[in-house]
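Q: pasted the sequence and its predicted model underneath.
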Amino acid sequence: MRQILDRALEPLDHVTVRVALWLFPLLVFLHNPVRLLRPEMWGEDGPYWYAQAYEYGVQSLLIPAGGYLNSVQRLVAIAVQPLPLDWVPFLFQLTAILIQAAPAILLVSTRLDRAWPDRRSRCLFALLYLVMPNAVETAAGLTNSQWYLALVAFLIIVSSPPKGVWGRSIETLVLIIAGFSGPFGILILPAALWETLVSNRENRPDAQRRLAALGAAAMVQIALILLLAGGGRNNAPLGATFDLLVRIVSLISLGAELGYRSLKELSGGKLLRVSPLPYLAAVLSMHLIAVAVARGPRILAQFVIFATGVFALALAKPLVSLTQPQWPILATPPAATRYFFFPMIAWWGALFVLAGSQQWLLKSAARLLLALTLLVAVPRDWGDLLNLPATDFAERARAFEASPPGTVMEFEIHPPPWKFTLTK
């Protein structure tokens with residue numbers, strides 16, 4: 001197994017990566033320790049991933065959720081079926097932590113030297129990503145692991161190719177799984193096509209292989225989305241207005257700079273509802289990102305295109321409430337923080353580019369905003385933000401394991417009123 005891993009990581013700096021393999025998952029764990037020390041199932045973990053894998057086995061891979069396939073969660077749920085049920089929440093959380101750490105591990109490797117030559121800034125960015133604020137919904141949970149796997153897929157697309165058959169085979173497999181895990185593979189295709197067009201003769205076969213792997217999965221997802229015609233998504237009205245659009249866009253930079261707890265405290269006051277702060281934040285952040293894209297490396301432009309596509313899709317078809325208008329809820333933090341995940345990363349990427357600018361004003365503004373993230377948002381959001389009480393899942397799971405065939409048992413999970421039923 002170790003030889004396979006070494007080959008898959010070639011041509012990585014093995015010292016840096018071996019340290020990262022241990023340190024980065026530890027940082028994710030320390031950011032959200034209760035998720036692993038007192039693991040609980042969350043949302044779709046129970047009724048979708050585990051229960052459907054329990055009932056249908058491998059066939060559950062073909063069941064869409066949210067309007068598309070979600071392979072990474074279902075593969076994990078299938079893999080844990082032979083193990084005791086009371087182990088499942090821990091294994092789900094552990095897998096989620098490892099997937100969450102994976103983009104940072106890839107980012108600090110020499111595989112990204114060509115796309116992002118400054119190794120020091122890349123390592124600093126990886127650390128910021130690992131401790132990122134305002135990520136309570138996506139962090140350390142299997143249900144939203146496809147967001148992190150999409151980040152892995154993007155980094156693979158822009159990275160130098162691995163050496164050897166093993167490395168290329170594992171890379172291709174990851175791209176296929178990522179492509180079948182949500183709609184993100186569709187939105188990474190422009191970056192994959194871009195890389196194919198600009199690649200030299202030596203790297204073009206790898207770029208084409210990556211494009212083909214991601215494109216095949218993306219085509220299946222597109223066909224499924226069109227076939228289901230939005231099936232699995234809610235039909236609640238958007239409630240869209242220009243004012244709400246500006247306020248939602250402003251939460252990208254405000255969430256990155258202030259964090260989840262601060263936005264939650266401010267959401268009931270006038271500062272976010274009637275003051276000009278959201279308009280100022282939206283205009284300033286969009287301007288800085290545009291300047292950074294114009295002056296920065298190709299990887300930033302590629303990621304901003306990807307993040308913009310994800311955010312636009314989220315605004316067009318959000319899944320926030322089953323009955324109430326969507327945009328007013330999105331504009332009231334800290335709702336649906338998962339939709340701000342990629343835009344916040346793009347925002348920090350722009351600040352990293354501008355922090356090295358030759359223009360004093362741009363450099364000072366970027367460094368000040370990065371300092372605000374590190375000194376305010378990260379410390380305020382450190383630790384578990386949800387404070388979930390323990391459930392009786394473990395006791396009921398052990399009782400279910402000891403019960404005779406035909407036993408039907410219901411399990412309550414977080415957040416209420418989520419639950420699922422198993423028939424032994």
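A: That came through fine.
Q: going forward, measure contacts and count neighbours with C-alpha atoms only.
A: OK.
Q: residue ranges in the stretch 101-250 of the chain under the pLDDT threshold?
A: 229-234 (pLDDT under 70).
Q: could you pull out the helices in it for me?
A: With DSSP state H, counting those that start in this stretch as the criterion, the stretch 101-250 of the chain has helices at 119-130, 145-158, 164-179, 184-198, 204-228, 242-258.
Q: for the longest one, packing partners?
A: Meaning helix 204-228. Counting contacts by 3 or more CA pairs under 8 Å, 6 or more residues apart in numbering; DSSP states H and E, helix 204-228 packs against helix 164-179, helix 184-198.
Q: if we use 10 Å, what do you get?
A: helix 145-158, helix 164-179, helix 184-198 (3 or more CA pairs under 10 Å, 6 or more residues apart in numbering; DSSP states H and E).
Q: so what's residue 384 closest to, chain neighbours aside?
A: Nearest non-adjacent residue to residue 384, counting by CA to CA, 6 or more residues apart in numbering: residue 32, 4.8 Å away.
Q: most centrally placed residue in the protein?
A: Taking CA atoms, centre = their mean as the criterion, residue 147 is the residue nearest the geometric centre of the chain, at 2.4 Å.
Q: count the neighbours of the closest residue in space to that residue that isn't next to it in sequence for me.
A: Among residues not flanking residue 147 along the chain, residue 138 sits closest, at 7.5 Å (CA to CA, 6+ apart). For residue 138, the neighbour count with other CA atoms under 10 Å is 21.
Q: mind checking how far residue 138 is from residue 318?
A: Between residue 138 and residue 318 the computed distance is 15 Å (CA to CA, to the nearest Å).
Q: sorry, back to before: wait, the residue nearest to residue 147 sits on residue 149?
A: No: Residue 138 is not in contact with residue 149 according to CA atoms under 10 Å; the separation is 11.6 Å.
Q: overlap in contacts, those two.
A: Shared contacts of residue 138 and residue 149, defined by CA atoms under 10 Å, 6 or more residues apart in numbering, comprise 96, 100.
Q: who wins for proximity to residue 263 among the helices and strands packed on helix 204-228?
A: Nearest to residue 263 among the helices and strands packed on helix 204-228 is helix 145-158 (22.0 Å), distances taken as CA to CA.
Q: the closest one vs helix 184-198, what angle?
A: With axes from the mean of the first three to the mean of the last three CA atoms, to 10 degrees applied, the angle from helix 145-158 to helix 184-198 works out at 10 degrees.
Q: just the buried residues of the helix or strand where residue 396 lies, please?
A: Following DSSP states H and E, one finds residue 396 within helix 393-402. Residues of helix 393-402 classed as buried by neighbour count (16 or more other CA atoms under 10 Å): 393, 394, 396, 397, 400.
Q: please apply the same query to stretch 314-329.
A: The neighbour-count check on stretch 314-329 (16+ other CA under 10 Å) flags 314, 315, 317, 318, 319, 320, 321, 325, 326, 327, 328, 329 as buried.
Q: tell me which of those residues fall in helices.
A: Mapping the buried residues of stretch 314-329 onto helices (DSSP state H) picks out 314, 315, 326, 327, 328, 329.
Q: widest-spaced pair of those residues?
A: Farthest apart among these by CA to CA are 314 and 328. That separation is 13.8 Å.
Q: surely residue 90 touches residue 42?
A: No: applying CA under 10 Å as the test, residue 90 and residue 42 come out as separate, 11.6 Å apart.
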